[in-house]
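[1] With the input below, show me the fold.
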Amino acid sequence: MDAIGHDPPNFECDTCGRYFRSQHAVEQHMTDMDHWAESSESGEPEYECDGCDDAFNDEDDLRDHEVKEHFYCDPCNRYFQDWNSINQHLHGKLHRNSDIRCPFCKEMYRTATGLIHHLERGTYSWAPLDRDKLYEAVRRRDPNGIISKKLLTWSGTIRYEANERAWNHAVEAYECYLCHRLFGKLASLNQHLNSPIHQEKLYHCPNRRCGSEFTTLAAVMNHLESESCGYMCFEAVQKHVERIVDPSRMIQF
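    The predicted structure follows:
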């Protein structure tokens with residue numbers, strides 16, 4: 001903007017922080033999205049998009065936004081080039097019903113990736129797992145390192161927290177000092193910093209000829225479900241995920 005002489009827009013949404021070119025545009029947006037400040041009963045929206053400044057009070061609305069605006073599939077943690085690509089993906093075998101039940105909350109998931117992603121997030125207090133605890137459980141039952149890496153110095157997920165000093169005045173945004181990605185809100189930057197994106201890789205593909213490494217177990221499941229390395233078929237992954245969450249079984253493929 002400095003180089004070309006572009007001034008930043010002045011019309012900001014009351015709720016999600018997006019800017020618009022005119023008052024009419026921002027009012028139309030707030031009306032369509034119910035983003036008027038006085039209509040919000042729950043304060044700040046809980047679910048913020050990592051790809052832009054939009055925020056939502058409902059997680060399903062966030063997921064729908066990520067699909068339509070950013071061509072992003074959250075359960076698979078994948079971006080697509082256009083709407084046709086992600087639409088084809090969402091209607092493919094990766095997202096067909098498999099009826100996999102969470103052993104803790106009994107909620108049903110359509111894929112092994114979705115179930116493991118749910119467990120690694122540590123969403124529910126009665127589910128005694130998160131990314132770190134699940135990795136520790138997998139390591140205990142995977143002595144041969146079939147899918148888990150033997151990290152002698154690993155001590156758990158590193159927690160980052162940015163403050164106002166992360167504000168980059170040159171670009172008028174909060175900047176991640178690890179990857180230099182920009183965010184409109186400090187909360188969005190901290191959400192990004194505490195996602196697995198900058199964490200150590202804990203897993204690898206069981207196919208030794210593949211060599212792919214991953215920060216989360218959900219990413220391993222997604223890789224195997226995609227059949228990209230030809231190690232096993234989609235249906236086999238759904239069956240083997242039971243060995244991951246069953247503490248009485250050793251992990252094998």
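
[2] From here on, just use CA atoms for contacts and neighbour counts.
    Noted.

[3] residue boundaries of the strands in the stretch 51-200 of the chain?
    Per DSSP state E, counting those that start in this stretch, the stretch 51-200 of the chain carries strands over the ranges 55-56, 72-73, 78-79, 100-101, 108-109, 167-168, 173-175, 182-183.

[4] any chance of these in CSV, plus mean pLDDT, mean neighbour count and distance to Ile158?
    Compiled in CSV, those are given as follows (pLDDT from 0 to 100; neighbours: other Cα atoms under 10 Å; distance: least, Cα to Cα, whole Å):
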stretch, mean pLDDT, mean neighbour count, distance to Ile158
strand 55-56, 81, 22, 25
strand 72-73, 87, 20, 25
strand 78-79, 84, 14, 23
strand 100-101, 80, 18, 30
strand 108-109, 82, 17, 29
strand 167-168, 92, 16, 22
strand 173-175, 92, 21, 18
strand 182-183, 91, 22, 20
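
[5] closest one to Tyr203 among those?
    Counting by Cα to Cα, Tyr203 lies closest to strand 78-79 out of the strands of the stretch 51-200 of the chain; the figure is 17.7 Å.

[6] neighbouring strands for that closest one, and are they parallel or not?
    strand 72-73 (antiparallel) (DSSP bridges).

[7] Outside of the partner strand itself, which residues are in contact with it?
    Arg63, Glu66, Val67, Arg78, Tyr79, Phe80, Ile86 (Cα atoms under 8 Å, 6 or more residues apart in numbering).

[8] can you tell me which residues contact Ile147?
    Taking Cα under 8 Å, 6+ apart, one finds Tyr203, His204, Cys205, Pro206 in contact with Ile147.

[9] Show me the shaky parts of the stretch 51-200 of the chain.
    Where the stretch 51-200 of the chain drops to pLDDT under 70, the residues are 91-98, 123-128.

[10] just to revisit the earlier point, I'd like the strands of the stretch 51-200 of the chain as TSV, with distance to Arg140 appended.
    Formatted as TSV, these follow (distance: least, Cα to Cα, whole Å):
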stretch	distance to Arg140
strand 55-56	39
strand 72-73	31
strand 78-79	29
strand 100-101	23
strand 108-109	25
strand 167-168	42
strand 173-175	38
strand 182-183	38
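
[11] okay, now the domains of this structure?
    Per the record, the chain has its domains at 11-89, 93-159+194-245, 161-191, by automatic domain parsing.

[12] Columns pLDDT and distance to Lys106 on top of the contacts of Ile147, output as a markdown table?
    Shown next, in a markdown table, are these (pLDDT from 0 to 100; distance: Cα to Cα, whole Å):
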| residue | pLDDT | distance to Lys106 |
| --- | --- | --- |
| Tyr203 | 93 | 26 |
| His204 | 93 | 28 |
| Cys205 | 93 | 28 |
| Pro206 | 92 | 28 |
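
[13] ok, and the most crowded of those?
    Neighbour tally across the contacts of Ile147 (other Cα atoms under 10 Å): the maximum, 25 neighbours, falls on Tyr203.

[14] related to what we said a few turns ago, quick one: which of the contacts of strand 72-73 sit in helices?
    Among the contacts of strand 72-73, the members found in helices (DSSP state H) are Arg63, Glu66, Val67, Ile86.
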